[in-house]
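Peer 1: just need the structure, nothing else, for what follows:
(one chain, ligands or ions: 1)
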Amino acid sequence: MSGPDEVDLLNPVAEERYLGSLLLTASHTGLRDDALSALDPGDFADRGIGALWSLARRLAEERRRISARALREAAATGKHGFVPGVLDRKIAQLEAVLEAPRTVEGDVATVRECARRRRLVAVCDAIRQRAIVGEPGDALRYAYDALAALEQGETTRPMRFDEMLDGLWEAIDSPEARPVHPTPWAELNRRLNGGLRGGRYYVVGARPGEGKSILLHNIALHHAQQGGSVLVFSAEMGAIEVAGRMAASGTGVELNDIVAGDLASHPRAVLAQWGEQHCPIPLVVDDRERVTMGYIRSQCRRHKAVRGLDLVAIDYLQLVGSTDTRVPRHEQVARISRECKLLSRELDVAVVVASQLNREVTRRGSGRPTMADLRESGGIEADADAVLLLARGTIDDGHTTLPTDELHVYLDKNRQGPTGELTLRWEAYYARLGD
Ligand SMILES: Nc1ncnc2c1ncn2[C@@H]1O[C@H](COP(=O)(O)OP(=O)(O)OP(=O)(O)O)[C@@H](O)[C@H]1O
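Peer 2: Predicted coordinates:
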């Protein structure tokens, strides 16, 4: 099989040498500055040129002239940690091939593309090695994480202020370019400036059985009914169970009857009709029990490429496994939470994540949850764009405390709008929350 020569692909000698030799003459300042900001030292296969590049960048930072002489002098001080003899030899080599100045765009592009290929090949080699000698599950997790890290390194770039202003005008004049995904609840939408948005990370915290999954499923179904593409990770509950809950919330057929398979002919017909209407909605549930953020990220990325993706729901944060079990649990959870935020930014999707609360909330007389109750990590509170804390309403008749049909929603963090409190109707028998 013939194809590009691997050595050529990984080491674009001519381009690297030309770019390296640009550092030697003080006269090519414009070309050199463009190249210096466009490529990183690690982009060069030739480590000597990479080292010179790094040294040149430091001289530039110190606002010093860049030339063969300046580089030699800087290397000789030993201050920058480079071995002077090695750099001297590299400079001499480059002086021997010095070429007339030309534009650098093509050379920069070639070097950058080869660097990307080299990094990809290195990651593939490391995955292959782990696949051969390591535990397959670990190798797979490593693969997801390493490829995601590689891609992330490529997608982020700083933005100039004029580009930011262009983006701002685009957001003002073309709101359809940054759609809002309304939740099923008008009051919540009002406080969230219309609803959920891409690039944002929403946390829904509550004690067990206090409505986190119901809220997530209601949001997911509502969004998919409007045509938005939704991916739900349900480590806690099987996909069929989720379907039963969504069908109950959509039809008003009691969840108990659906779960028990005890349906009279009318509710059965209602359910069948609803099912037929809803077959095509763009909603997918992944009910794998053991997931990591690497897995979630790769599934989301694939989903987005194939079917588009607007909203990701994760039920729930503490069930997402960590790839680094050596660090304390609170650090693991903090990293997972951070990854959720990065996921929302990277794929420009709304990420809604359920989170458990710790037991402190039950010890408090009021039963009012606070962000400090988010279990195992304060990182969750810091990363989230909005935090919704749920608590069932209760009534005390002097002897016992009984739940009411209210669910209190405390919007305790809201980066883009007011915080506050609202009340929804608890209709768990239909697996839904009413306005
Ligand atoms: N068929 C039903 N009829 C009435 N209430 C129900 C029914 N099924 C579940 N519930 C109630 O719904 C609540 C479960 O809600 P949900 O699954 O959203 O809680 P959660 O906060 O996600 O809990 P967890 O942390 O355990 O996952 C519980 O209070 C449960 O008693």
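
Peer 1: going forward, measure contacts and count neighbours with C-alpha atoms only.
Peer 2: Will do.

Peer 1: the residue in the stretch 301-435 of the chain positioned nearest to the ligand in helix, strand or coil?
Peer 2: Nearest to the ligand in the stretch 301-435 of the chain, going by C-alpha to the nearest ligand atom, is residue 429, at a distance of 3.4 Å. Recorded secondary structure, residue 429: helix (DSSP: H, G, I helix; E, B strand; the rest coil).

Peer 1: going forward, the N-terminal residue is numbered 130.
Peer 2: Sounds good: first residue 130 from here, last item residue 558.

Peer 1: what's the local residue count around it?
Peer 2: Applying other C-alpha atoms under 10 Å, we find 16 other residues in the vicinity of residue 558.

Peer 1: for it, give me the pLDDT.
Peer 2: Turning to residue 558, the model gives it a pLDDT of 93.

Peer 1: now it: how far from residue 370?
Peer 2: Look at residue 558 and residue 370: by C-alpha to C-alpha, to the nearest Å, they are 14 Å apart.

Peer 1: for the protein, which spans come out with low pLDDT?
Peer 2: Along the chain, the model assigns pLDDT under 70 to residues 130-139, 208-211, 230, 281-289, 292, 304-306, 494, 505, 507.

Peer 1: tell me which parts of the stretch 380-529 of the chain are close to the ligand?
Peer 2: The interface of the stretch 380-529 of the chain toward the ligand, taken as C-alpha under 6 Å from any ligand atom, is made up of 384, 385.

Peer 1: which stretches in the stretch 380-529 of the chain count as helices?
Peer 2: Taking DSSP state H, counting those that start in this stretch as the criterion, the stretch 380-529 of the chain contains helices spanning 384-389, 394-407, 422-436, 458-476, 489-492, 508-512.

Peer 1: wait, a helix at residue 540?
Peer 2: No. Secondary structure of residue 540 (three-state DSSP): strand, not part of a helix.

Peer 1: contacts only, for it.
Peer 2: Shown in contact with residue 540 (C-alpha atoms under 8 Å, 6 or more residues apart in numbering): 515, 516, 517, 518, 548, 549, 550, 551.

Peer 1: look up how far residue 490 lies from it.
Peer 2: Here the criterion is C-alpha to C-alpha. By it, residue 540 lies 16 Å from residue 490.

Peer 1: repeat that for residue 537.
Peer 2: Distance from residue 537 to residue 490, counting by C-alpha to C-alpha: 14 Å.

Peer 1: can you name every helix or strand that the lengthiest helix in the chain contacts?
Peer 2: Taking DSSP state H as the criterion, the chain has its longest helix at helix 234-262. Where contact means 3 or more C-alpha pairs under 8 Å, 6 or more residues apart in numbering; DSSP states H and E, helix 234-262 is packed against helix 135-139, helix 142-150, helix 158-167, helix 265-284.
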